[in-house]
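Visitor: sequence and predicted structure, then a few things I'm wondering about:
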Amino acid sequence: MRRTLVVLLALAAAVTIPASPGHAAPACDQPVPPPICSPDDPDPGPVDAPPRGAFDTLTFVGNGVRVTGWAADGDTTGPVLVHVYVDGAFVSSLSTGTAQRFDGFAPARHGAHSVCVWALNVPRAGADLAPNRQLGCRTYDVPVVSGIQLVYSSGRQIIAFNDNVLGETGFTVRWDYYVLQNIPGTSQQVGWPQSISFDVPAHPGTGPAELAALKVKPSNAYRLTVTAPGFGSASTDHWW
Ligand SMILES: [Ca+2]
């Protein structure tokens, strides 16, 4: 019995790899059952786990995007940094909070854009760096305003539209119209393009807006344009 034990101890000693700096936790000790460590198959040392996660939702909120998802890294129980890119350009750094979730804002403009989210690797001491991980990309296409209409309320002309801008200083409304002139000696007319503009106050928040038209619609109007200075504009074409 004693002899058997001595032999087993000798075998164990024969396959033990001397500890070396930075190899305090041999990876071969971690799985169950452990793989055999031998001089021919040495302990690879600590391994940096790459971050994981998901990019769950993207919402345009009027002056930027709200992004939500989760991110985690096996090398920390703390927060993980999340970087937001719009059209390939870095715009914002977020951090995970409770339950490894992130829910944050990144500035972004109206129009059609792509948003990609990366989880930044948390390095593990003594290991080769794992790469950062792209958690996904999502796109949005939101105009400054949409659904422009001219409506009437108690005999007044009202410019109605869906306001997709947060923080505008006001809107500029422009009518494009034609002035018709007879062509002498014929029964035909020619139309000369003209325009008139006026400002209307800002609309708080986003959503349906109805703003009084400060100048009535001219005859032969064919286009109504609403501009949010600094954000952009949108038009609707129509013969009224
Ligand atoms: Ca890591």
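Guide: Yes, it's here. What you see is a predicted model; the values in this text were computed from it and never measured.

Visitor: so who does the closest residue in space to residue 170 that isn't next to it in sequence touch?
Guide: Nearest residue to residue 170, sequence neighbours excluded (C-beta to C-beta, 6 or more residues apart in numbering): residue 202, at 4.9 Å. C-beta here means a position set from N, CA and C on the backbone, and glycine is covered the same way. Residues in contact with residue 202 (C-beta atoms under 8 Å, 6 or more residues apart in numbering) are 168, 169, 170, 171.

Visitor: the last one: neighbouring residues, count only.
Guide: By the criterion of other C-beta atoms under 10 Å, residue 171 has 25 neighbours.

Visitor: likewise for the first one?
Guide: Residue 168: 21 surrounding residues under other C-beta under 10 Å.

Visitor: is it in contact with residue 227, as I believe?
Guide: No - Residue 168 lies out of contact with residue 227 (C-beta atoms under 8 Å); the separation is 9.6 Å.

Visitor: how much space is there between residue 139 and residue 146?
Guide: Distance of residue 139 to residue 146, given as C-beta to C-beta, to the nearest Å: 17 Å.

Visitor: between the two, who's got more neighbours?
Guide: For residue 139 and residue 146, the more surrounded residue by other C-beta under 10 Å is residue 146, and the numbers stand at 13 against 10.

Visitor: contacting residues for that one?
Guide: Neighbours of residue 146 in contact, by C-beta under 8 Å, 6+ apart: 161, 162, 164, 234.

Visitor: my guess is the second one contacts residue 205, does it?
Guide: No - with contact taken as C-beta under 8 Å, residue 162 and residue 205 are classed as non-touching, separated by 11.8 Å.

Visitor: ok, these two, which is more surrounded?
Guide: With neighbours defined as other C-beta under 10 Å, residue 162 and residue 205 compare such that residue 162 has more, 17 against 11.

Visitor: which residues of the chain score low on pLDDT?
Guide: 1-39, 239-240 (pLDDT under 70).

Visitor: need the residues of it near the ion, please.
Guide: 48, 49, 73, 75, 121, 122, 130 (C-beta under 5 Å from the ion).

Visitor: so which of these is surrounded by the most neighbours?
Guide: Neighbour-wise, the residues of the chain next to the ion (other C-beta under 10 Å) top out at residue 73, 26 neighbours.

Visitor: who's in contact with that one?
Guide: 49, 50, 51, 52, 80, 119, 121, 122.
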